[in-house]
Every structure is written in C-alpha cells, then in structure tokens.
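> Sharing a sequence plus its predicted fold:
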Amino acid sequence: MSVKTLTIDGKAVSAAEGDSVLEAAREAGIEIPTLCHLDGLTDIGACRMCLVEVTGSNKLLPACSTRVAEGMEVRTNTEQLRKYRRMVVELLFAERNHICAACVANGHCELQDVGIAVGMDHVRYDYLYPNLKVDVTHPLYGMDQNRCILCARCVRVCDEIEGAHTWDVLGRGVKARVTTDLNQPWGEAQSCTSCGKCVMACPTGAIFKLGSTVEESVKERGKLAFLKTARDKKQWVL
Amino acid sequence: MSQRIVIDPVTRIEGHAKISLFLSDAGDISDARFHVVEFRGFEKFCEGRPIGEMAGITARICGICPISHIMASAKTGDDVLTVQIPPTAEKLRRMMNLGQFTQSHALSFFHLSSPDFLLGWDSDPAKRNVFGLIEKQPDLARAGIRLRQFGQEVIELLGGKKIHPAWAVPGGVREPLSAEAHKHILGRLPEARATTETALNLFKGMLDKHREETEHFGNFRSLFVGLVSRDGALWEHYDGYLRVVDSDGNILVDELDPRRYHEIIGEAVEPFSYLKSPFYKPLGYPQGMYRVGPLARLNVCSRIGTPLADAELAEFRQRVGSGGIVTSSFMYHYARLVEILAALERIGMLLHDPDILSKRVRSVGSINKLEGVGVSEAPRGTLFHHYHVDENGLIKKVNLIVATGNNNLAMNRTVKQIAQHYIKDIKGGKIPEGLLNRVEHGIRCYDPCLSCSTHAFGAMPMKVEVVAADGRVLAEQVRD
C-alpha cells in the first residue's frame, strides 16, 4: 500500500492510500468535528460538520468521505468553515425539539458537545417545533424522533455490524425519519434482535434505554469499533 | 365613586403576580384580588413523554423547590411501576426533602419576609430587603444565609447538584449517600440547629409587638389540609395519609389514601388569575377554602415526633392557638421555623440510621398500572402529581395540584382582610407605601411559589392597581 503525503493546516502529514482526510487529520492530532461519523461504520458525509477546504477544489469537501491524495493541501479551521459549522448545528437544533435540560443524554450528547465546540450561544433560525412521536413499544429501548438528527448511525450499525438492517430512513428532506422495519412500531419489528447497538451508536438521546431519566444515557461507543475489528480482522482488542 | 388599587408586581415572592384593591365610593376597600399572571402549560406539554422523564421535566417547574416536584413525580412513577422502593432509597429521599424544607423555609424567613418585621413595615423600601438586613443585622443575616446553604448542601451532596438534580427516579434514587457526604452533613447540623433556635427566640420575642398583624394578617376560620404519618398521625413531609381539620380542631377527613385526593378536592377556575382555586368538595366552592403548608401541617398533626420540635410545637399551640388550632396566617413564619427545627432533627436521626449508607437504592419495574398518583409535602404545602399513561408508559394526561394553588382562596381572603383593616378613607387612590407593603406581606406569609402553582412562565415582579367602580384604573404602583 503506497503512502501519500499531504498538508493539513500547514502541517505535513503522511497517510496510507485509501485513508480519509478525517483519519489522516485525527492521526496527526488535528481535530475536525463530526456527528455522523462513528469509528467502525462506513462514512456517508451526511452531517456536513467535517467540511474542509482543499486547494484546487471550488467546493467544500467532507473530510470523512474524501480520500487523501499526494500533495493535497487541506484547511480544517478557517473563518468560512467555522461559520458553516455553526450554521449546521443551529439548523439541527431548529429542526427538532432538543431540550437538553430534560434529556436522557444531557451531558453525554455529541450534538451538545459540537454545539459547545462551535460556540453556539443561541440559534438564529426559527424553531420548527414539529410534533413528533416517541416510540416506546420495544420492551428494552425507546426512540424519540424529537431528538434525532438523521445521522443514520443506527441504520449503519444495524446493517453493517449486527446485520439485521432493522433501521432505515423513511421520507425525504425535512420529512425524513428513521424507521424500524417497514415503518412498524419498534416493538413489532421482527428483524430487530434487541442487541442495543443502535442505542450505543446514537449520538443524542433519540435512541435510549427504557426507564432512563435525565442524564442517564451514557454510551459505550468504543464497543462498536471493537466488534468491527473483531469481525473483520479476527482481533479482539479492547 | 369607587376605585381600584393595583399592586403590581408583588415583590419578594417567587413568581409573577399583582393585587387589585377595589375601593367603594366612601374610599374603603370593598374587595381585593390576588392575580397570578403567569402561564406555562406543563400539564399539556408533558403529554407524549415517557414516564421515566417526568421527574426531570416537572422539576423544571421551579428553581426554588424542584425537589418537591422530583419527589412527587418519582412517587407517581413508583405507583405506575407498582414497585416497593428499597428502604434506604426512601430514607434518602426523605433526607433530601428535609434539606429542601430547610433551604426553602430559610429563604422565605430570612431573605424574603424578615426584612418587613425586623427592619419595619414602613421603613425605606429600597433597603427593606436582604441587603438592608445584612447592613443592620449582619450576624443574623449571615447565619440565615448559611442555614439556607446547609439545606442546599444536603441536596447537592445527595443529588450531585443544588438545583434540578434528577436523582429521585421511579423505583428509588440513582446514587447512594457517600461516607464523606454523611460526615459533612453531620458536622454542619449543630450550627444549623443553633441558627434556627436563635430565629425562633427572635420571632417569639416579637409576638407581643405584632399583635395587630397576628390579628389581621389572614386570621380567619378555614380548613387545613396536610399529610400525617400512617402511624400515629405525626408530622409528615413525604408520605402518609391525608387529613383535613377545621378551625375548631375537628377532624373532617382522616386516614385518606392520597390516591383518593380527587374525592375531596375540586379545582375552580377564575377569569382573573391563571392560578386555579382548589376547594374542599364537600363544602363546595368557595366555602371549601382550605390552607396547606407549614401552618396547616402543624395544625393537622398530633405531634412532630422529635423532642425539640415537639416542645416548640406545644409552645406554638399554647402561645398563638390557645392550645388548639392556629388560625392566623402571620403564624406561617413561626410554623416555618418550627418545621426547620423538625427537619434538622430528622436529618440527624436519618444520619444515625444503620442502613443509611446502603448501596441498594433502586428497584426496577415496568409499566404495571396505567394511572399513578404521588403526593408529598412541599415546603409550601401538599403537592399532588397524577399521571395517566398508555401501555408503554407514555404520558396521556397530567394533573398537578401545587402547594401554592391550594392556598389560592386563602391568599385572596388574606389580602382582602389586610386591605380592609389598614386601608380606609382613601380619596384619589393615594395609599402610603407602608400600607401596601402590609398587603403584599399577606401574600409573603404563604411564601407562594407562583411559577410552580401555575406551572407558569416569567420573572417575579409585582404591581398594585387602584380601580374605580366603573373600571377605570386610578392609580398604579409598579416594581420590578
């Protein structure tokens, strides 16, 4: 496998061919905020948090799904990027009903963390306040659409690691919803193995353990990368 | 020509309110109304939420007494799950609730109400507050502030934070008591007790000087409602039976399971206030006026059950109740101090309980009933949470009757009584500030929490308005 050399924020970095810019940056200790990325899952570039500037490209590129190339010049933290990232987070907050104070994931939430990281002190867009359902038909877990950011981590973890593909995305645009089986209540979804990987993968409080109260939803996300490595490489490394 | 005087906003209370005083042609008070002008809608927007979240959501009703809502909500959850919580969990919930009583009562007495009777009803309003108290009586003010801090510390050491700890949950509590926290609370108890005794002696020493206030600040016959313990009808703050007594000490309702509260309590709605007016059903509205809170709890219980507080209760009943029921709302202040002492003694007893440090503090259950009721005593009075859930535990309907709401009819009556006694022969709507302050104090006696009682929205200033019989507002005093 050949090695590519590139610069990220002026720093010379080398990475294996096929690595993403995100992987190369994190390897070099350069932090790029993400939401839909989860180690162990295929990247889909959905959340746009990891957009970077690349010299020679007239558009911004998602670091998670852009491969490294020889001589590439990447900038991860410019004024323009900071502005867009904050805008992305504000739009996520405006789209659903994210009430941190009463949320099971308060203090353990990736959306909250990026909100703080991008300096979101208020939201400039009108909230949509959609009237969304909570599905607590499953005996162990619940799904609150109010807190979903459509990162599709649940969809990918269920498909790629568990292999059940219970979760999918229904509808388009602002009407898109994650859904179980053929839009059945979760408790009636026959493909679900009740493994709980979607609970671990969810970045917010959208998918949670039943009975959880405020701040109780602590996720063990490292377990997912562990499973992936174990499955692909037959290495059981915690 | 009759007039209306409006006090808006009412200050040094928790919430947003105004008072209207209606003047007759002769310039006397013909009527008075206490308006709560906040609206929040908790009962509505809780619909559709999972029951496990309710303690966290309803705690947000209030920043002063979130613990009360957490307790009532967790108890409602226990009822829906139909679980017996571990004994240590109940003891720890009790300890936190007692910490809440201590901090809330200390706030009411030292910070909000004592400036009136320690600095003077007619003293400079700019200094008639806790800062004025710090200036005039720094040692007392410091002790009062530290007493409140003690109560807050009990809450923080148990729940992880002072305000809104989502610690009591359906089935028990989330974290046990640590040995360090146990030691810290125990160490601070003696100082807290000494401060309470100082305040009690101070208040008792002022009783003679405040005969007029005792006589006219909400001194009337009414019913009193509160929880008493299942065993011996002792003073109770967390669980027990509902008891109703009248002003002669007759027990009208006894050993009533709080789940059956709706058999005796109805809620009326008046167009002038967002605060509902609960009433005792058998007597109808508005004759079924009752009072809850510190005064009511001391009136309904047989005794408190701890030595120092029982001695104070006997003296309280002797000095201001002729040996029986105490009917003056000015005595809420006195009752609050007796209750702080009771709370401190009970915290001490709980700390010496052999299994208080047990790690077994949470039972697990699933939805076993579609309806639950949780009733506990908040510092301001009896608090009712009542939820209906679907088979999966999503909230379908919520009813909350909050301490201050129970006192609504009595607060209206108190304002009118004070106004009629002190405000006479008013021409042109000009009333001395000190007299209006007495009217406001009528509200402060109940230490109302209006944000709670309307589960409402807003800050806390107050307004008084003078209105003529034809509806014209003749004078207005606004403070915020």
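That came in fine, so what should we check first?
> if I look at the spatially most central residue of chain A, how far off is A:Ile149?
Centroid-nearest residue in chain A, with CA atoms, centre = their mean: A:Cys36, separated by 2.0 Å. Going from A:Cys36 to A:Ile149 by CB to CB, to the nearest Å gives 8 Å. For every residue, glycine as well, the C-beta is placed using N, CA and C.
> which neighbours do those two share?
A:Cys47 (CB atoms under 8 Å, 6 or more residues apart in numbering or on different chains).
> Next, the contact list for the residue of the stretch 151-300 of chain B found nearest chain A, please.
Across the stretch 151-300 of chain B, the shortest distance to chain A (CB to the nearest CB) belongs to B:Ala166, at 3.5 Å. Applying CB under 8 Å, 6+ apart, one finds that B:Ala166 lies in contact with A:213-216, B:55-56, B:59, B:70, B:159, B:174.
> Just to be sure, it is in a strand?
No: using DSSP: H, G, I helix; E, B strand; the rest coil, the assignment for B:Ala166 is coil, not a strand.
> Longest helix in chain A, please.
helix A:79-95 (DSSP state H).
> Give me the buried stretch members for that helix, please.
Buried residues in helix A:79-95, counted by 16 or more other CB atoms under 10 Å in any protein chain shown: A:81, A:84-86, A:88-90, A:92-93, A:95.
> Among the contacts of B:Ala166, find me the one that's closest to B:Asp122.
B:Ala59 (39.2 Å; CB to CB).
> Quick check: which ranges of the chain have low pLDDT?
No chain in the question, so chain A it is. Counting by pLDDT under 70, chain A has low-confidence residues at A:1.
> nope, chain B
B:1-3, B:11-16, B:37-39, B:426-429, B:449-464, B:466, B:468-471, B:474-480.
> What residues does it have near chain A?
Contact residues (CB under 8 Å from any CB of the partner chain) of chain B with chain A: B:48-50, B:52-53, B:55-57, B:60, B:164, B:166, B:169-171, B:174, B:364, B:366, B:392-394.
> And B:Gly442, how far from chain A?
Separation of B:Gly442 from chain A (CB to the nearest CB, to the nearest Å) stands at 34 Å.
> Next, B:Trp34: phi, psi?
If you look again at residue B:34, you'll see it is Phe, not Trp. Backbone dihedrals for B:Phe34, given as degrees, to the nearest 10, come out at phi -110, psi 120.
> got a list of what it touches?
Shown in contact with B:Phe34 (CB under 8 Å, 6+ apart): B:17, B:19, B:273, B:408, B:411-412, B:415, B:443.
> 7 Å - rerun?
By CB atoms under 7 Å, 6 or more residues apart in numbering or on different chains, B:Phe34 lies in contact with B:17, B:19, B:411-412, B:415, B:443.
> among these, which two are most distant?
Most distant of the contacts of B:Phe34, by CB to CB, are B:Ala17 and B:Asn412, 11.4 Å apart.
> In terms of neighbours, single out the busier of the two.
Neighbour count, other CB atoms under 10 Å in any protein chain shown: between B:Ala17 and B:Asn412, B:Ala17 has more, with 31 against 25.
> show me what contacts B:Gly159?
Applying CB under 7 Å, 6+ apart, we find B:Gly159 in contact with B:96, B:165, B:167.
> mind giving me JSON lines with those and columns for distance to B:Ser329?
Conversion of these to JSON lines gives the following (distance: CB to CB, whole Å):
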{"residue": "B:Met96", "distance to B:Ser329": "28"}
{"residue": "B:Pro165", "distance to B:Ser329": "32"}
{"residue": "B:Trp167", "distance to B:Ser329": "33"}
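> Mind jotting down where the helices sit in the stretch 201-350 of chain B?
Applying DSSP state H, counting those that start in this stretch to the stretch 201-350 of chain B gives helices spanning B:211-216, B:294-300, B:307-321, B:332-351.
> residues of the shortest one that come out buried?
Buried residues in helix B:211-216, counted by 16+ other CB under 10 Å: B:213-214, B:216.
> With stretch B:253-264 instead?
Buried residues in stretch B:253-264 (16+ other CB under 10 Å): B:253, B:256, B:258-259, B:261, B:264.
> Then stretch B:142-154?
Neighbour counts over stretch B:142-154 (16+ other CB under 10 Å) mark B:143-154 as buried.
> which among the residues you listed gets closest to B:Leu118?
B:Gly144 (10.4 Å).
> how far away is that closest one from chain A?
Distance from B:Gly144 to chain A, by CB to the nearest CB: 30 Å.
> and the residue of chain A found nearest chain B, what does it touch?
Nearest residue of chain A to chain B: A:Val214, at 3.4 Å (CB to the nearest CB). Contacts here follow CB under 7 Å, 6+ apart; on that basis A:Val214 touches A:102-104, A:106, B:53, B:56, B:166.
> B:Ala55 falls within a strand, correct?
No: assignment of B:Ala55 by three-state DSSP gives helix, placing it outside any strand.
> can you list contacts of stretch A:71-89?
By CB under 7 Å, 6+ apart, stretch A:71-89 touches A:6-9, A:21, A:25, A:30, A:32-33, A:47-49, A:51-55, A:114-115, A:118-120.
> Next SSE downstream of the helix or strand hosting B:His105?
Element membership of B:His105, judged by DSSP states H and E, is helix B:87-106. Going down the chain from helix B:87-106, the next helix or strand is helix B:114, by DSSP H and E.
> residues making contact with that next one?
In this structure, residues lying in contact with helix B:114 by CB under 7 Å, 6+ apart are B:Leu133.
> can you map out the strands along chain A?
A:3-8, A:11-16, A:51-54, A:61-62, A:73-75, A:134-135, A:141-144, A:167-170, A:177-180, A:207-209 (DSSP state E).
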